[in-house]
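# 3D, please:
(chains A and B)
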There are 2 protein chains.
Amino acid sequence: MLPDVQFINRPQLIDMTWGHPDPALLPAEAMQQAATTALADGGATALPYGAEQGPGRLIELLCAKMARAEGSAPDPLRVAITGGISQAIDHLCTLLTRPGDIALVEAPTYHLAMRIMVDRGLRLIPVAADDEGVRLDALEETLAMLAARGERPTLLYTIPTFSNPAGATMGLKRRIALTELALAHHFTILEDDAYRDIWFENPPPPTIAALNQEAPVVRLGSFAKCLAPGLRLGWIVAPPAIIEAWRLSGLLDSGGGVNHFTACVVAELLATGELDRLGERLRSAYRIRRDTLVSALQEHLPPGASVASIAGGFFAWVKAPEGIDTVALLPRAEAAGLGYIPGARFFAGGGGNQYLRLSFSRVTLEQLRAGAQLLGKLFV
Amino acid sequence: MLPDVQFINRPQLIDMTWGHPDPALLPAEAMQQAATTALADGGATALPYGAEQGPGRLIELLCAKMARAEGSAPDPLRVAITGGISQAIDHLCTLLTRPGDIALVEAPTYHLAMRIMVDRGLRLIPVAADDEGVRLDALEETLAMLAARGERPTLLYTIPTFSNPAGATMGLKRRIALTELALAHHFTILEDDAYRDIWFENPPPPTIAALNQEAPVVRLGSFAKCLAPGLRLGWIVAPPAIIEAWRLSGLLDSGGGVNHFTACVVAELLATGELDRLGERLRSAYRIRRDTLVSALQEHLPPGASVASIAGGFFAWVKAPEGIDTVALLPRAEAAGLGYIPGARFFAGGGGNQYLRLSFSRVTLEQLRAGAQLLGKLFV
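This next block holds a predicted model:
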C-alpha cells in the first residue's frame, strides 16, 4: 500500500534530517473534541463552501491569539486563511509574479521554499546572511546591481525569526530597514514566520509585517509547527490590496476558502485556549532538546567546528572544521548511523559546503546525545 | 464579523445562482464519527505531514469505491489526492503550462474554472458545444486553425458528464475520439468529473481517463458535490508521469500532501460505506428537485423558450425566447424576486445571451415551482 505520511522511517539512523514536530506532541484528543464541536450545528458552518478570506470566526480567534502572544494583532481585514505556508507562497506567486521575475532569498534559506518558487519560473538570487539573517549591505549591493541592468526583484523571501536552517533571528533595527528598502525598491517581502511560537528564552521581536502598515510585507503564519503540520493550515497578514487580490482570485472564487473544514475545526480548538497551553508544552519540550543537543555538541565537536546559537525553532546549524565538505561526508555519516542535511542544499547560488543542518524536533534526548557524539567523531 | 461561509443569503430572492449542495444533505454526524476514528491512533496518521500523493489508505478506499460505482478502478499509482478540483486545476497549471499557453474550453463551460486559468496567464479559446458537450468538428477546426499559425493547445478543459452549466453528457464514441485527438495533437485533457455521482436515471458513461491508458487525460474528481464542498478535497486520475510530477513538485515536497487531515477523516467515512449510502440519498433528493423544476418550466415557459434535458448534476440550462437578452433581463428578474446566472458568463468568446443557468440544488420544491412561474412571466 502507498504510505499515509511523508516521514520515512530509517531505523538504522539517528535521523536529524526532518524538520517535523514530534508526533507525541500532536494534540489528537483536543482535535477530536474540536471536530465534534465544529460539526455540532449539523455542518452548517464547516461543511459548505467557506468564505474566500477564511472563516470569520477563525480570523477573529487568531487575531485574539496574536494579541495575547505578541501584544498586538492585525486588523482582521488584513488576515486571510491559507493552506499552509507552502500553499500561500504558491498562491502569492500567482497573484504577484510572472515567470522570469526575480525573487531574492537569504543564503542560506529554506530549501523547499526555493523549489516552490522555481516551479513557478522565478529566478532566485541569493543574498548573503549573517547571524541576524539577510545582510543589509549585501541586499543593497544586489539591488544596485539589478538596477544597473534595469531590473528589480519582485519578492524577497526571508525567515527573520528562528530561521530554517540557520536559527538566525533578525533584530528590530534591521526589520525596520527592510521595510524601507521594500518601499523604496517596490518589492514585496514574504516573511516566513513558521517558528515564532517555538521560542526558548524570550519571545522574538515583532514581525516585519507589524512594523510598517504601509510597506509591502506579507507575513506567512502557520499552524504546522505550533499545532500540527497535517492540517495544512496557516494564514497571511498582508496589505489590504493583497488580501483583496487573494479573496477575489479565481482559485478562491471557484472553491471558496482553502481548507475550510479544517479551518473551522481549528477555530474551535483556539476557542478552548488549547493552542496557548500547547505552545507552553512545545516550548518546554523543544527547549530540553535544544539544551541537550547544544551541550552534547559543545562536548563532542572538535576544535574548528561550531554550532550557531539557537534561540528558537527546530534547527542546529553546524559549521564543520576547515577542510570538511558536508556533502562528501554524508554517505560516511549515514553509514555510521547519522542523518543530516548538508548545508549546500540551502544556498541558492552554491556554497555552504562547510555547514550542515541538524533537526532536533523529532528525535529523542538519547539520540541527540548519540548523534552529537557521532558527528564529533566524523569531524576528526 | 467577517463571514464564515461563501453563500450570501438574499432572502428577498428565489436564488438559483448557487451551484452549492443543500446544507441539509451534508453528513455532519458521519463526519464527527469519522474525525474521532481518524484521530483514534493519537494523531499518528492524520496530524503529521501527509504523503505527497495523499494518504495511501484514502487512495485504496477511493479506488474500491470507484470499482463499486463504476465497475472498474484505476491503478492506485495513477491517483493523487487534491485540495478539490479548483486547486487541482491550479496546480496542474504549474506542472503543465506557462503563461501564454492556450487552453481550449467548451462554450459554454464552468465560468470560474476559466478564471483560474486566466489567473495563470493562459489564453482561452472557446470551442462550440452541443448537447453532448464539445463538438468534434469545431475542435478539429480549431486545432487546424492553430496549427496553421504554428500553435497548439496545451490543455482542453471539459466537463463531459452532467456539465456545468448545460447539463450535457458526452457519449462514449465522442469520448474515445477526444482521447485520439489529444494523442495526435499533444494536448492534455482536463476532465472535470465533479457531478458523476449525481445521476438521475442511469450512471453516466465511463470517464474519458478510463478509456485510454496511454492518452494524456487527467480526471478531476471531487468530494464537493457527493460529500461536502467545505472539505476542499478531491483527487486526480492521471498518467504516471503527471502523478510523478505532482508528487515531486516543490509545493508537495515542502508541505506534504495537500489537505492531509481532511483526507484522513474522509478515508474513515469511506471505510464505513457512508459515502455509498449518501450517494443514494443525494440522487433521490436532487432527482425530485429536477423533476419539480422541469415540469414547472414545461408548464410556465412560453413558446420559443426551452430547457435542456437534465440527466444529472445541479443545473437547468434554459433558452429564452428569441429577442430576450438574459443579461439585460437580470435586474428585472431580481426585482421580481428571481436570481439566475446569465448564459454569457459561461462563454469564453462572447455570446450565450439567449441562455441562463438555474441551479436547483439549494432551493426548496416550492421555490422551484415559484421560480419557474416567475421566469415564465419574465419571458413574455
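# what residues does the stretch 201-350 of chain A put near chain B?
Contact residues (CB under 8 Å from any CB of the partner chain) of the stretch 201-350 of chain A with chain B: A:224, A:228-232, A:249-251, A:253-262, A:264-265. All C-beta spots, glycine's among them, are computed from the backbone N, C-alpha and C.
# Let's see which of those residues end up in helices.
If you go by DSSP state H, those have A:250, A:251, A:253, A:254, A:255, A:260, A:261, A:262, A:264, A:265 in helices.
# Are any of the residues you listed buried, and if so which?
A:250, A:251, A:253, A:254, A:255, A:260, A:261, A:262, A:264, A:265 (16 or more other CB atoms under 10 Å in any protein chain shown).
# Kindly confirm whether my reading is correct that the second one touches residue A:95.
Spelled out, that is residue A:251. No. With contact defined as CB atoms under 8 Å, residue A:251 does not reach residue A:95; the gap is 9.6 Å.
# Can you show me the strands along the stretch 151-300 of chain A?
A:155-158, A:188-192, A:217-222, A:234-237 (DSSP state E, counting those that start in this stretch).
# thinking again about what came up before, which one of the ones in helices among the residues of the stretch 201-350 of chain A next to chain B is nearest to residue B:19?
Comparing those against residue B:19 with CB to CB places residue A:254 closest, at 10.3 Å.
# List the contacts of that closest one.
Neighbouring residues of residue A:254 by CB atoms under 8 Å, 6 or more residues apart in numbering or on different chains: B:85, B:86, B:110, B:112, B:113, B:115, B:116.
# Quick check: the farthest pair among those?
Distances among these were taken as CB to CB; the most separated pair is B:85 and B:115, at 13.1 Å.
# So those two - more neighbours on which side?
Per other CB atoms under 10 Å in any protein chain shown, whichever of residue B:85 and residue B:115 has more neighbours is residue B:85, with 28 against 18.
# OK, contacts around the more buried one?
Each residue near residue B:85 by CB under 8 Å, 6+ apart is listed here: A:254, A:255, B:113, B:192, B:194, B:220, B:221, B:222, B:224, B:234.
# out of everything not next to it in sequence, what's closest to the second one?
In this structure, residue A:255 finds its nearest non-sequential neighbour in residue B:86, 3.6 Å apart by CB to CB, 6 or more residues apart in numbering or on different chains.
# Equivalent analysis for the last one, please.
When the adjacent residues along the chain are set aside, residue B:234 lies closest to residue B:222, with 3.9 Å between them (CB to CB, 6+ apart).
# surely the one you found meets residue B:194?
Yes. Using CB under 8 Å, residue B:222 and residue B:194 qualify as a contacting pair, with a distance of 4.7 Å.
# What residues does the stretch 51-200 of chain A have near chain B?
A:51-57, A:59-60, A:76-77, A:83-87, A:90-91, A:94-95, A:98-99, A:110, A:112-121.
# Among those residues, name the buried ones.
Among those, those buried by neighbour count (16+ other CB under 10 Å) are A:51-57, A:59-60, A:76, A:83-87, A:90-91, A:94-95, A:110, A:112-117, A:119-120.
# which ones are touching residue A:230?
Neighbour list for residue A:230: A:5, B:46, B:47, B:48, B:49, B:50, B:256, B:260, B:261, B:264 [criterion: CB under 8 Å, 6+ apart].
# Residue A:357 looks like it's in a strand, true?
Yes. The assignment for residue A:357 (DSSP: H, G, I helix; E, B strand; the rest coil) places it in a strand.
# tell me the pLDDT at it?
If you check residue A:357, the pLDDT there is 98.
# same thing with residue A:1?
pLDDT, residue A:1: 87.
# what do you get for residue A:324?
98.
# Contacts only, for the closest residue to it other than its chain neighbours.
Leaving aside its chain neighbours, residue A:324 sits nearest to residue A:379 (6.3 Å; criterion: CB to CB, 6+ apart). By CB under 8 Å, 6+ apart, residue A:379 lies in contact with A:301, A:302, A:305, A:320, A:321, A:324.
# quick one: which of these is nearest to residue B:67?
residue A:320 (53.8 Å).
# what's the closest non-adjacent residue to the closest one?
Nearest residue to residue A:320, sequence neighbours excluded (CB to CB, 6+ apart): residue A:354, at 5.2 Å.
# rewinding a little: quick check: ChimeraX command selecting the buried ones in the contacts of residue A:379.
In ChimeraX, a selection of the buried entries from the contacts of residue A:379 looks like this (16+ other CB under 10 Å):
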select /A:301,305,320,324
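# I'd like the contacts of residue A:379 as CSV, with distance to residue A:143 and secondary structure appended.
What follows is the contacts of residue A:379, written out as CSV (distance: CB to CB, whole Å; DSSP: H, G, I helix; E, B strand; the rest coil):
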residue, distance to residue A:143, secondary structure
A:301, 37, coil
A:302, 40, coil
A:305, 35, coil
A:320, 32, coil
A:321, 35, coil
A:324, 34, coil
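# Specify which member of the contacts of residue A:379 is nearest to residue B:364.
Set against residue B:364, the nearest of the contacts of residue A:379 by CB to CB is residue A:320 (70.9 Å).
# hang on, the closest one packs against residue A:356?
Yes. Between residue A:320 and residue A:356 there is a contact at 6.8 Å, judged by CB under 8 Å.
# Now list whatever residues contact both of those two.
A:326, A:329.
# Overlap of the contact sets of residue A:251 and residue A:95?
residue B:119.
# Good, wrapping up.
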